[in-house]
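Asks: Following is a predicted model, sequence given first.
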Amino acid sequence: MARTLSKLSAIAVRGTLKSGRHSDGGGLYLNVGPTGGKSWLFMWTPRGGKRREMGLGAYPTVSLADARVRADQCRRQVAEGRDPLTERDRGSAKTFGDAADQFIASMVAGWRNEKHADQWRMTLGDTYCRALRSKAVAAIDTQDVLEVLNPIWQSKAETAARLRGRIERVLDFAQVKGWRSGENPARWRGHLRNALPARQKLARGHHAAMAYTDVPAFVARLQRADAMAARGLEFLILTAARSGEVLGARFDEFDLAGRVWTVPAARMKAGKVHRVPLSDHAVTIVTALLETRVSDFVFPGERPQRPLSVMAFAMLMRRMKVGHLTPHGFRSAFRDWCGDATTFPRELAEAALAHRVGDDTEVAYRRSDALARRRKLMDAWARYLARSTAAKVIDFPQPAVAGR
């Protein structure tokens with residue numbers, strides 16, 4: 001016969017004063033001490049063993065509902081032949097930081113590039129998860145996850161959504177390893193979806209971009225800045241490349257005599273080698289950095305043999321008072337300039353951005369990457385960025401904020 005569960009009520013637990021153990025069913029007991037102090041116990045008998053018990057926390061810090069969840073976890077462990085005390089001790093020895101680091105280490109070989117691993121390390125590190133990293137992974141609950149997500153849920157909606165998913169995967173990993181049990185407190189459907197407000201909808205694939213008419217003046221400001229991030233961002237604009245492609249650029253990818261940068265497939269979004277024709281000024285930037293080389297990376301960060309941080313360009317733009325725009329938006333500015341101010345064909349502009357153009361048949365017949373024709377396009381872009389009006393400094397307006 002099935003054991004009766006949920007015998008106690010919240011009112012009874014709150015009002016019970018008689019010392020002793022009061023059963024809620026299924027091995028869960030409310031223990032009332034001689035002085036009226038209350039705590040929760042879980043009791044079970046292993047197969048062929050002696051009766052054992054484990055504390056589940058003091059009341060009211062651990063509510064009746066919380067105690068039932070913890071007891072249910074224990075019952076599942078017993079049913080699987082595991083010892084709840086052993087599982088608790090094993091989980092308490094592992095922190096969320098331990099679990100996150102081990103999960104990333106187990107996944108990194110299958111990820112396409114190091115940038116992806118860096119993003120996981122950054123979001124699951126002290127930047128957002130400082131409060132979680134030192135906490136026992138077995139003890140992390142819904143409130144812990146919400147304390148991490150709430151401050152950025154609306155202001156950094158896309159980052160928050162990715163962070164929630166990454167926390168969920170780390171906690172699933174910890175459960176597989178036997179470091180925790182029970183429901184995943186970072187789960188969205190049927191759980192956090194009911195605790196977090198609806199996020200502002202994002203237009204996927206669109207990034208806040210500077211008008212191409214303002215880019216030459218911005219480049220002039222970059223050239224006056226004495227910072228590695230400024231050199232990297234200027235190079236990004238000149239080549240219309242993605243941030244990750246520039247941040248991960250190594251000197252051995254460059255043929256400076258031939259004025260070509262070859263980005264390996266592993267670092268391209270489409271997973272295909274991309275050759276970038278370099279303008280004279282782009283070559284000058286790389287050559288100057290080669291002469292003072294301190295790393296294999298063209299744009300080195302502060303740590304030895306590591307590139308600039310994935311946040312370097314965004315932070316630089318914030319300091320330059322254009323933080324409402326994005327580094328990726330300069331690709332949009334380049335594309336708008338191609339369409340509005342030049343006669344270069346659309347296919348050439350898309351090829352410069354490493355975008356796929358046409359169906360499978362069209363792609364199969366287009367064997368050439370049109371490097372010579374794209375060189376003319378990138379040289380024209382570099383001349384546009386260096387035009388005389390670039391000397392004029394523009395005060396870029398901030399976006400309007402509701403309520404101001």
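Replies: Structure received.
Asks: How about C129, nearest residue that isn't a chain neighbour?
Replies: With sequence-adjacent residues excluded and distances taken as Cβ to Cβ, 6 or more residues apart in numbering, C129 is closest to V148, at 6.0 Å. For the C-beta atoms, the positions are set from N, CA and C on the backbone; glycine is no exception.
Asks: What residues does the one you found make contact with?
Replies: Listed by Cβ atoms under 8 Å, 6 or more residues apart in numbering, the contact partners of V148 are Y128, C129, A131, L132, L163, I167.
Asks: Quick check: M317 vs L325, distance?
Replies: Applying Cβ to Cβ, to the nearest Å, the value for M317 to L325 is 6 Å.
Asks: in the stretch 1-150 of the chain, which segments are predicted with low confidence?
Replies: 1-3, 89-92, 112-113 (pLDDT under 70).
Asks: Could I get the full set of strands for it?
Replies: Using DSSP state E, counting those that start in this stretch, the strands of the stretch 1-150 of the chain run over residues 20-25, 28-32, 38-44, 52-59.
Asks: Regarding the protein, what is its longest helix?
Replies: For the chain, the longest helix by residue count, based on DSSP state H, is helix 157-176.
Asks: what pLDDT, on average, does that one get?
Replies: Across helix 157-176, pLDDT averages out at 88.
Asks: With adjacent residues omitted, what lies nearest to L132?
Replies: Nearest residue to L132, sequence neighbours excluded (Cβ to Cβ, 6+ apart): F96, at 4.4 Å.
Asks: repeat for V276
Replies: Once flanking residues are discounted, V276 sits nearest to W261: 4.3 Å by Cβ to Cβ, 6+ apart.
Asks: Assess the claim that that neighbour and F251 are in contact.
Replies: No - taking Cβ atoms under 8 Å as the definition, W261 is not a contact partner of F251, at 10.4 Å.
Asks: Spit out the residues that contact the two alike.
Replies: V286.
Asks: Can you give me the domain boundaries for this structure?
Replies: Split into domains by automatic domain parsing, the chain comes to 10-91, 96-194, 212-391.
Asks: So which of those domains is nearest T4?
Replies: Of all the domains of the chain, it is domain 10-91 that lies closest to T4, at 4.7 Å by Cβ to Cβ.
Asks: quick revisit: let me have the domains of the chain in a markdown table, extended by distance to T4.
Replies: What follows is the domains of the chain, written out as a markdown table (distance: least, Cβ to Cβ, whole Å):
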| stretch | distance to T4 |
| --- | --- |
| domain 10-91 | 5 |
| domain 96-194 | 22 |
| domain 212-391 | 55 |
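Asks: all helices for the stretch 201-350 of the chain, in order.
Replies: Assigned by DSSP state H, counting those that start in this stretch, the helices in the stretch 201-350 of the chain fall at 215-224, 228-239, 243-247, 280-291, 312-319, 329-341, 346-352.
Asks: Out of the ones you listed, the one nearest V273 is which?
Replies: Short answer: helix 243-247, nearest of the helices of the stretch 201-350 of the chain by Cβ to Cβ, at 11.7 Å.
Asks: how far does the closest one sit from the chain's center?
Replies: Centroid separation for helix 243-247 versus its chain: 16 Å, with Cα atoms, centre = their mean, to the nearest Å.
Asks: Provide a list of residues in contact with the closest residue in space to R331 that isn't next to it in sequence.
Replies: Using Cβ to Cβ, 6+ apart and skipping residues adjacent in sequence, the residue nearest R331 is A240, 5.4 Å away. Residues counted as contacts of A240 (Cβ under 8 Å, 6+ apart) are F330, R331, F334, R335, A352, L353, M378, W381.
Asks: Pull out the buried members of those.
Replies: Buried residues within these, counting neighbours by 16 or more other Cβ atoms under 10 Å: F330, R331, F334, R335, A352, L353, M378, W381.
Asks: Model confidence at the fourth one, what's the number?
Replies: What it means is R335. 92.
Asks: Next, find the distance separating the closest residue to it other than its chain neighbours from A58.
Replies: Nearest residue to R335, sequence neighbours excluded (Cβ to Cβ, 6+ apart): A349, at 5.9 Å. According to Cβ to Cβ, A349 stands 66 Å off from A58.
Asks: just G36 next, same as before
Replies: Distance check for G36 against A58: by Cβ to Cβ, it reads 12 Å.
Asks: what does K321 give?
Replies: 52 Å.
Asks: Compare the strands of the stretch 1-150 of the chain and give me the one nearest A265.
Replies: For the strands of the stretch 1-150 of the chain, proximity to A265 was assessed by Cβ to Cβ; strand 52-59 is nearest, at 52.6 Å.
Asks: Tell me which other helices or strands that closest one touches.
Replies: When contacts are defined as 3 or more Cβ pairs under 8 Å, 6 or more residues apart in numbering; DSSP states H and E, strand 52-59 sits against strand 38-44, helix 64-79, helix 84-92.
Asks: Just say which of those is most tucked in.
Replies: strand 38-44 (a mean of 20; mean count of other Cβ atoms under 10 Å).
Asks: What pairs with it, parallel or antiparallel?
Replies: Applying DSSP bridges, strand 38-44 is found paired with strand 28-32 (antiparallel), strand 52-59 (antiparallel).
Asks: Adding mean neighbour count, write these out as JSON lines.
Replies: Listed next are these as JSON lines, based on neighbours: other Cβ atoms under 10 Å:
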{"stretch": "strand 28-32", "mean neighbour count": "21"}
{"stretch": "strand 52-59", "mean neighbour count": "16"}
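Asks: Can I get these in a markdown table including distance to A79?
Replies: A markdown table is the format used below for the strands paired with strand 38-44 (distance: least, Cβ to Cβ, whole Å):
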| stretch | distance to A79 |
| --- | --- |
| strand 28-32 | 15 |
| strand 52-59 | 15 |
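Asks: out of those, nearest to W40?
Replies: Comparing those by Cβ to Cβ, strand 52-59 comes nearest, at 3.9 Å.
Asks: quick one, the closest one and helix 64-79 angle?
Replies: Taking axes from the mean of the first three to the mean of the last three Cα atoms, to 10 degrees, one finds strand 52-59 and helix 64-79 inclined to each other by 160 degrees.
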